[in-house]
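Novice: From the sequence below, what's the structure:
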Amino acid sequence: MIRDLSQQALAMGYLTLEAENQLRRMLTTTKYDLEDLNAFMTLQLATMSGVVKQESRESREYPDLSETASETSS
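Specialist: As a prediction, this is how the structure comes out:
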């Protein structure tokens, strides 16, 4: 359920890439009620304000972080 995934991300303060993809699929392929929509909108506001971090944005913000780590360990 959209509501469940949104609440989990809000509780953890983190939205995984997998959960983000699940939410995207659910929003485009399933019917949802007003409570689901409100939960998703709350999650969106939390991510925009930085209360919830997104794994997808972290990998874009620091794309060469893993390269740097492997270079320094060599």
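Novice: Residues contacting the biggest helix by length in the chain, please?
Specialist: Counting residues, the longest helix found in the chain (DSSP state H) is helix 34-49. Contact with helix 34-49 is made by 1-3, 6-7, 9-10, 15, 23, 27, 52-54, as judged by Cβ atoms under 8 Å, 6 or more residues apart in numbering. C-beta here means a position set from N, CA and C on the backbone, and glycine is covered the same way.
Novice: repeat that with 7 Å
Specialist: 1-3, 6-7, 9-10, 15, 23, 52, 54 (Cβ atoms under 7 Å, 6 or more residues apart in numbering).
Novice: One more: stretch 19-27?
Specialist: Under Cβ under 7 Å, 6+ apart, the answer for stretch 19-27 is 2, 5, 9, 32, 40, 54, 56.
Novice: And the strands in this structure?
Specialist: Under the criterion DSSP state E, the chain carries strands at the ranges 14-15, 53-54.
Novice: Packing partners of the first one?
Specialist: Translated: strand 14-15. Of the remaining helices and strands, none touches strand 14-15 by 3 or more Cβ pairs under 7 Å, 6 or more residues apart in numbering; DSSP states H and E.
Novice: Can you list the strands that that strand pairs with?
Specialist: Strand 14-15 pairs in its sheet with strand 53-54 (parallel), by DSSP bridges.
Novice: who touches the strand it pairs with?
Specialist: Strand 53-54 has contacts (Cβ under 7 Å, 6+ apart) with 13-15, 20, 47.
Novice: okay, these in CSV with pLDDT and neighbour count next?
Specialist: Below are the contacts of strand 53-54 laid out as CSV (pLDDT from 0 to 100; neighbours: other Cβ atoms under 10 Å):
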residue, pLDDT, neighbour count
13, 97, 11
14, 97, 15
15, 96, 23
20, 95, 18
47, 96, 18
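Novice: Thanks again, I'm all set now.
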